[in-house]
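Asker: generate a structure from the sequence data that follows.
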Amino acid sequence: MVRIQADSEKDALGFIPASAYPQAAASGKLLIAVLESPAGQTYAGHILFGGTYPHIRVFQVYVLHRYRRKRVASLLVQSLIKGAEDTGYLSVSAKVAADLAPANAFWRHEGFVVLRSRPGGASRARTLNICVRELDTPRLFESHPDNVNLRFAGAPSVAFPTVPSYVIDVNVFLDLVKSRAKADEVRLLVSASLMRAVEVFVSEEFIEELRRAAKPSEPDPVVELASALPRLPLVPGSIIQDLLTKLGPIVFPARAKRNALSPRDVSDLKHLATAIHHGVNGFVTGEKAILKRAPDLRQHFGIDVVGTVEFSATSALADEGSTDDFRAGASGDALAISDLLEEHRAGARSFLESLKVPDAMIVHALSPGAQPLQRRRIEVRSASSGDFVAYASWDAATRLQTRVESFVFVDENHPDARAIASHLLREMACEASALGARVIVLKTPEGHISPRTASVESGFRTLESTSGASHELWKVAIGGAITASNWLNVSSKLKALSGLELPSTMPEFDGPETPMVFIGPDGKGVGLGLMDAERLFSPAVFLLPGRAGTLVPIRRQYADHLFCGASQLSLLPRKQAALFTERVYFRSPGRDFDIGSPLVFYESLTQGGRGCAFASAVVTTNRVVWAETVSDRVLLKGVLERETLAKMSKEGLISMLKFDHTVALRKPVGLARLRALKAIDAANLVGPKRLGSDTLAALFSEADALAL
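Answerer: Prediction:
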């Protein structure tokens, strides 16, 4: 009935392949309104949706004529919004033809605003309005029956990435190479990957499954083609078995209970387990059993499971902007990031007006303040065209001021919109907290999704007393390292700023999810994992007893690229790595770096280096990958060329270390002092050096990097 009714209104609803409906139904993304009567249930309407976390996209809303004007469509949309808010989504969007006046009026009535308009495509002479409703952003410490390792409103602990990464299963690949019914959707997925809108991987089990199906006596072109795809390394047997034990009862409950999983079932679970272990964002599949368990898999493992048709519709490049978009990250066009020049102020105003920022907010955001408390105003422009890409401003930090008001605006059509917003928010938090912990209040207009998403990743939340969607987000930035020496002082400041305080004694380090229990105003404990706490209060690193770190040497030419802009904003990055919140450090496979381990970067004396420790960060991901499969997009987050990776690799493998929470040390620590602190022995540092928790705390103190 859904397909029949949708096809009857193709002019209003657009064309969607028939295969999309069973996929959506299997994964819980097709809601149907029914009329209950003594005769049974009667179809009244439906809403078809999809998207990638944390954004939902509505593809269709339809109600039978005889049930219109009875709030059935509103019931469908509001049911979707409630479910999305309960599971931590940040926005819902829909495309509506500008010439459909009743449809546009409906979306306005449901609280949606037109973010932008774009042409409907070469084949349609119409304009599409992109309507967006921001949802109730996860609040600061909502009540929860289990306070340990609390997640905010169901959101997974992993940060939203700049470019989402997905693993595909074998059937998705075979749809393409065998030109099956969903081949067109897979082609869109591949196109999005080639344009670096997403990263697409396969697992080693993917290759093995194809080899098992091939004839052993002759070469198989399908296997050869698949072997050239970017693939994730094989997960160790003990780890994969542990994940299979957890996944079996979720995906195949009946067969797992009977201990009767088939080889095909086990293979499907291995694909999924590989995606989970390597921390990718999603798994693309046509397998209904897995799609059906999509909500459970995201709740337990923080992974999005989507069907091919839904994913292709979500990631289609034509939906994201016009042909004259800036392409800084995708095409190599650099971004000029600097303090706003007064002669550019009129251009900044025009840019903000084009983003539909309210006039009162524009006046406040462009205000320079007065000497000596001038507001920081940052412009981000395309280096080639000079056009504005983003603008941010915030209050000057002083020792007496504990609240900083800020604004971040980004061109939503820019392919790196969220990365740019993250960069500006990171610099803002570092500068605002340079003189001590501060509350940062971020003001965003309706529909500005990229700054809102980036801010939630950076630890911004709505206040607990706020009801409904709030466009004013709050964050506490601690601004340095917390050790035994300043633990009570930081706790006192945190209580004054947020009502929360640290327990009387520091907990012992027990891995990246060490429970950090904060005491609320009512005396009750609120629990977070260690890395979640550091993200919430960033820039911050809790140097708990027993938490070791690593001193990492890096040559000057690489440090200049990887950390460009870490200590000051008015620089023109020569590498895109400085733009990303999460960056990548490549090295030959060797001793592992623990996830959650603090890093201190040391610029070596080689080739005119300073010979000092100058920046800190925290390891978010550490895995061994095939050097030849590292995508161009990941290379942008590092500083090495592909040829260098090949030389560094061992048997084709390379260590890819991702780190976040990068902070420039206030006072670089020179070689002599590092030796005095026993962070470096008599020999010069030529490789990573493990630092005990006491040495690490002493180094941060020497670098004047403790929270003030």
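
Asker: CA atoms for contacts and neighbours, from now on please.
Answerer: Noted.

Asker: state the number of residues packed around Asp7.
Answerer: 17 (other CA atoms under 10 Å).

Asker: brain fart, Asn489
Answerer: For Asn489, using other CA under 10 Å, the count is 14.

Asker: hang on, it is in a strand, isn't it?
Answerer: No. Using DSSP: H, G, I helix; E, B strand; the rest coil, the assignment for Asn489 is helix, not a strand.

Asker: run through the stretch 1-150 of the chain and note the low-pLDDT ranges.
Answerer: Within the stretch 1-150 of the chain, the stretches with pLDDT under 70 are 120-125, 136-150.

Asker: how near is Tyr43 to Tyr62?
Answerer: 11 Å (CA to CA, to the nearest Å).

Asker: ignore what I typed, I meant Gly286.
Answerer: From Gly286 to Tyr62 the distance is 25 Å (CA to CA).

Asker: what does Leu536 give?
Answerer: Leu536 is 40 Å from Tyr62, by CA to CA.

Asker: then Ser227?
Answerer: Look at Ser227 and Tyr62: by CA to CA, they are 44 Å apart.

Asker: helix or strand: which one has Ala346?
Answerer: Per DSSP states H and E: Ala346 is located in helix 345-354.

Asker: for Gln23, which three-state class applies?
Answerer: helix.

Asker: I'd like the numbering to begin with 28 instead of 1 from here.
Answerer: Let's use 28 as the start, then, which means that last one is Gln50.

Asker: who's in contact with the nearest residue to it once chain neighbours are set aside?
Answerer: If you skip the residues right next to it in sequence, Gln50 has Gly334 as its closest partner in space, 5.9 Å away by CA to CA, 6 or more residues apart in numbering. For Gly334, the contacting residues are Ala47, Gln50, Ala51, Val311, Thr312, Gly313, Leu318, by CA atoms under 8 Å, 6 or more residues apart in numbering.

Asker: mind checking which of the residues you listed are in helices?
Answerer: Ala47, Gln50, Ala51, Leu318 (DSSP state H).

Asker: of those residues, which is the most crowded?
Answerer: Busiest of the ones in helices among the contacts of Gly334 [other CA under 10 Å] is Leu318, holding 26 neighbours.

Asker: what distance do you get for that one to Gly275?
Answerer: Leu318 is 14 Å from Gly275, by CA to CA.

Asker: can you check Asp295 too?
Answerer: 10 Å.

Asker: got it, and Gln50?
Answerer: 21 Å.

Asker: same question, His498
Answerer: Taking CA to CA, one finds His498 at 41 Å from Gly275.

Asker: cool, and Ala691?
Answerer: Distance from Ala691 to Gly275, by CA to CA: 45 Å.

Asker: tabulate the ones in helices among the contacts of Gly334 (TSV), appending distance to Ala575.
Answerer: As requested, these are exported to TSV (distance: CA to CA, whole Å):
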residue	distance to Ala575
Ala47	50
Gln50	47
Ala51	46
Leu318	41
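
Asker: now the two most distant members of the residues you listed.
Answerer: For the ones in helices among the contacts of Gly334, the farthest-apart pair by CA to CA is Ala47 and Leu318; their separation is 12.2 Å.
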